[in-house]
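In: Predicted model and sequence follow; I will ask about them next.
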Amino acid sequence: MTKNIKENQEQFVSVSATHQPEEDVIDLMELFRVLISRWKMILIALMAGAVLFGFYHGFLLKPSYQADASIFITNNNSMITVSDLQLSSELTADYAKIIKSRTVLKQVIKELDLDMDFRQLDKLVEVTNPQDSHIITISVTCGDIELCRNIANSLMNTGIDRIYQVIGSSEPTVIDYSEAEAVEEVTPGLAHYLLLGGLIGAVLACALVILRYMTDTTLKTEDDIQKYLHMPVLAVVPYYEEKKD
């Protein structure tokens with residue numbers, strides 16, 4: 001009796017294993033055809049996104065300006081040795097960090113009476129060091145030309161003083177002060193926003209089409225019945241719409 005029960009259980013397991021439901025597989029070609037069939041919707045979304053971002057650029061976006069100041073890190077002695085150049089190269093990264101330190105940023109805020117804290121000022125400032133050079137460039141980006149210039153110059157002067165206090169070596173040499181006529185507008189152009197808006201609109205439209213495709217479980221054709229239900233189609237009744245007089 002027990003042996004028969006075990007045999008029946010093994011047969012049941014074997015049958016169950018051979019009749020496991022198939023996992024849903026996404027047909028990429030069918031999905032591609034669905035996207036192609038919705039090309040008008042995607043095109044309209046692309047154009048709508050471009051128009052919206054173009055409107056934002058033309059009427060709502062505030063211009064941004066960037067002011068630069070630069071200093072040269074080396075010894076001020078008339079005779080510069082190879083060891084001096086090596087030492088200045090190693091200290092350049094440290095100098096850049098000192099310029100963006102909290103002490104320097106707070107001193108600049110106090111000096112210019114800025115209505116912001118050091119974290120907000122830090123987001124406006126970028127200190128860079130071109131590779132294989134002893135030059136540090138201080139860049140300030142904001143929406144006011146004069147404010148950019150003043151912050152860049154104040155940050156450079158305060159940073160130089162702080163570098164001398166911390167390291168105690170000779171002060172860096174100023175290459176360029178920031179000047180109003182040298183301030184550049186860095187606002188992205190209209191073409192950039194049109195391209196970005198169109199791309200976002202098209203992506204959203206494609207995502208909507210794919211979502212509807214993935215959640216649509218209705219059977220529309222004979223192929224759908226054979227594909228998803230694995231049942232033969234015995235007959236097809238065509239849809240007839242009676243014309244109104």
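Out: Looks like it came in fine.
In: Point out where the protein drops to low pLDDT.
Out: Within the chain, the set of residues satisfying pLDDT under 70 comprises 1-25, 74-90, 132, 169-170, 239-245.
In: And for the residue lying closest to residue 99 once chain neighbours are set aside, the neighbour number?
Out: Using C-beta to C-beta, 6 or more residues apart in numbering and skipping residues adjacent in sequence, the residue nearest residue 99 is residue 159, 3.7 Å away. All C-beta atoms are positioned from the backbone trio N, CA, C, and that covers glycine. By other C-beta atoms under 10 Å, 27 other residues sit near residue 159.
In: where's residue 159, which helix or strand?
Out: Secondary structure from DSSP states H and E places residue 159 in helix 145-167.
In: Now tell me what touches that helix from outside.
Out: By C-beta atoms under 8 Å, 6 or more residues apart in numbering, the residues outside helix 145-167 that reach it are 65-69, 71, 91, 94-95, 98-99, 101, 103-105, 107-108, 111-112, 114, 121, 124-125, 138-142, 170-172, 174, 177-180, 183.
In: give me that answer again for 7 Å
Out: Helix 145-167 has contacts (C-beta atoms under 7 Å, 6 or more residues apart in numbering) with 65-69, 71, 91, 95, 98-99, 101, 103-104, 107-108, 111-112, 124-125, 138, 140-142, 171-172, 177-180, 183.
In: Which ones among the residues you listed map onto helices?
Out: Taking DSSP state H as the definition of helices, those contribute 91, 95, 98, 99, 103, 104, 107, 108, 111, 112, 124.
In: Run a quick neighbour tally on the fourth one.
Out: Using other C-beta under 10 Å as the criterion, residue 99 is surrounded by 22 other residues.
In: Give me the distance between it and residue 139.
Out: 11 Å (C-beta to C-beta, to the nearest Å).
In: on that earlier part again, the helix holding residue 159 vs helix 102-112, what angle?
Out: Relative orientation of helix 145-167 with respect to helix 102-112: 140 degrees, computed using axes from the mean of the first three to the mean of the last three C-alpha atoms, to 10 degrees.
In: count of residues packed around residue 167?
Out: Residue 167: 14 surrounding residues under other C-beta under 10 Å.
In: sorry, back to before: what about the helix holding residue 159, distance to the chain center?
Out: Distance of helix 145-167 from the chain centroid (C-alpha atoms, centre = their mean, to the nearest Å) equals 30 Å.
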